[in-house]
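Asker: Test case, fold it:
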Amino acid sequence: MAETPRSPDTLHRRGLMFILSSPSGAGKTTIARRLLAADSEIALSVSFTTRPIRPGEVEGRDYYFVDRPEFERMVEENEFLEWAEVFGHLYGTPKAHIKAGLKAGQDFLFDIDWQGTQQLYQRMEVDVVRVFLLPPSIAELQRRLSSRGTDSAEVVADRMARARSEISHWDGYDFVVVNDDIDACFAKVRGILESERMRRARQTGIVDFVRDLMR
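Answerer: From the prediction side, this is the model:
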């Protein structure tokens, strides 16, 4: 159930960039969806991409779909906070939209890999919160990937190799959560988000509030 938005008299704060990363099969997508459904103050960051739109996807909700020349123009004009090429397609996070939202107090959820995380942190360090999800074991990760029934053994093996590489970057994150139980994992991630929102540096309305208290 979605929560009610903040009341108008709530102290203003600067928004944050909440990054969730994990190897495929560690539960990142499930946690992200639950977070978006439960918390009205956070929105999914929508990237630009050059890959073709897939059935069921919606322009502006899932991605902004552009051709390669347009994407490269945006790169040249420094319109992305971060961008990368993955499996032959380009993906990028729009700068102006994110910066305006942060200033207005909007939180953004990012579902990106460690490379995108590094780029965002280098550019927007104080606004970034980095969370990495780990599986309880490699055997359990392989079981989850195999149980999907949608990939061949070769594809699963490729995903496992990529997962090991991604896991090696766990120390580039602020928080690391082991997802051995989806409900417990979600509660921990939600707690991290709530705690980070209360950082003094993000409470931009707190100075005037305290001054009024002390008058």
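Asker: And stretch 66-73, what's buried?
Answerer: 66, 71 (16 or more other Cβ atoms under 10 Å). No exception for glycine: its C-beta is placed from N, CA and C like everyone else's.
Asker: Rounded mean pLDDT for it, please.
Answerer: The pLDDT scores in stretch 66-73 average 98.
Asker: Now do it: distance to the chain's middle.
Answerer: Relative to its chain's centre, stretch 66-73 lies at 23 Å (Cα atoms, centre = their mean, to the nearest Å).
Asker: what does it contact?
Answerer: 48-50, 74, 83, 90, 92 (Cβ atoms under 8 Å, 6 or more residues apart in numbering).
Asker: Quick check: the farthest pair among those?
Answerer: Farthest-apart pair in the contacts of stretch 66-73 is 49 and 74; separation 11.4 Å (Cβ to Cβ).
Asker: got any residues that touch both of those two?
Answerer: By Cβ under 8 Å, 6+ apart, the residues touching both residue 49 and residue 74 are 66, 92.
Asker: Any chance of the backbone angles for the residue most central in space within the chain?
Answerer: With distances taken as Cα atoms, centre = their mean, residue 110 lies nearest the centre of the chain, 1.8 Å away. Dihedral pair for residue 110: phi -120, psi 130, per degrees, to the nearest 10.
Asker: Just to check, it is in contact with residue 17?
Answerer: Yes. Residue 110 lies in contact with residue 17 (Cβ atoms under 8 Å); the separation is 6.1 Å.
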